[in-house]
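Quick one: sequence plus predicted model below, questions after.
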Amino acid sequence: MGPNFREILPLLARNQVRFILIGGGAAIAHGSAKITYDVDVAYARDPENIRSLVKALDPYAPYLRGAPAGLPFRFDEATVQAGLNFTLTTALGDLDLLGEVTGGGTHEQLLPYSQEMEIFGLKCRVVSLEKLIQLKRAAGRPKDLEALAELQALLEERSKLES
Amino acid sequence: MNSDLGRLLAAVDFCDPVIDAYKKDIDRTLLRENLKLSVDDRFQKFERFLEYVYELQEAGRRARSSG
């Protein structure tokens, strides 16, 4: 199953989960033409937000992506509190929950580098294009080189439009 | 300008010959078209493209199974 931005983002927003869209979804929001296969969000790790996150996702059977079936995994507040980053499958599609992002830190640290955008009729915070480039660079993955080139080209094109 | 912002801008301006090499093959007309769209429209375009990819994958699977 591919990334289900249409259902996952409004679900989180409706449940007052504080999150920032990062990764391929943020790239699309900024105008990228690349394909992505999951929804990546940086989430705030305070107890109230973790409670909202668990409540929002609980009906959609979140489970560890790629893990064998039948593991004693429970997506509850204690699990999220004890962990940090989760790559999940859900009934709505794949979702990566990041408590900390390489090169970007926590949700709070990313907040000044995010902007509010209206996506599917709801306001969501999305990491800025400049910061997204920095995050991709910090990740240092060879598979990101082409994506990085596209994001930089996007930044150049956007600057031309704004000047 | 605070030091964090300065570092961020410096990073964006940073030139990497490998990335520059990839940049030559980027279809900028596609990016310019996307920049004209609203954020919602960009996601809808992505969804349509993804459906197309899935259809192609399915067609490939059918072709392989029919031998």
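The structure has been received and is ready for your questions.

Spell out which parts of chain A neighbour chain B.
A:2-3, A:5-6, A:28-29, A:31-33, A:35, A:112-113, A:117-121, A:130-131, A:133-134, A:137, A:145-146, A:148-150, A:152-155, A:157-158, A:161 (Cβ under 8 Å from any Cβ of the partner chain). Using the backbone N, CA and C atoms, a C-beta is placed for each residue, glycine as well.

Quick check: residue A:70 is in a strand.
No: Residue A:70: not assigned to a strand; according to DSSP: H, G, I helix; E, B strand; the rest coil it is coil.

what about residue A:61, how many neighbours?
Residue A:61: 12 surrounding residues under other Cβ atoms under 10 Å in any protein chain shown.

Show the contacting residues for the residue lying closest to it once chain neighbours are set aside.
The shortest distance from residue A:61 to any non-neighbouring residue, by Cβ to Cβ, 6 or more residues apart in numbering or on different chains, is to residue A:91 (5.2 Å). If a contact means Cβ atoms under 8 Å, 6 or more residues apart in numbering or on different chains, then residue A:91 has A:59, A:60, A:61 as its contacts.

next one: residue B:23
A:149, A:150, A:152, A:153.

okay, the residues you listed in a markdown table with neighbour count next?
Shown next, in a markdown table, are the contacts of residue B:23 (neighbours: other Cβ atoms under 10 Å in any protein chain shown):
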| residue | neighbour count |
| --- | --- |
| A:149 | 20 |
| A:150 | 25 |
| A:152 | 24 |
| A:153 | 21 |
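
Okay, now the unreliable bits of chain A?
A:1 (pLDDT under 70).

Tell me where it has strands.
A:19-22, A:39-43, A:63-64, A:86-90, A:93-98, A:114-119, A:122-127 (DSSP state E).

Pairing partners for the fourth one, with directions?
Going back to what we said before, that points to strand A:86-90. According to DSSP bridges, strand A:86-90 forms sheet pairs with strand A:63-64 (antiparallel), strand A:93-98 (antiparallel).

what residues does that strand touch?
A:1, A:8, A:38, A:57, A:60-66, A:75, A:80, A:94-97.

helices or strands up against the longest helix along chain B?
The residue-count maximum for a helix in chain B (DSSP state H) belongs to helix B:39-65. Under the contact definition 3 or more Cβ pairs under 8 Å, 6 or more residues apart in numbering or on different chains; DSSP states H and E, helix B:39-65 sits against helix A:5-14, helix A:23-30, strand A:114-119.
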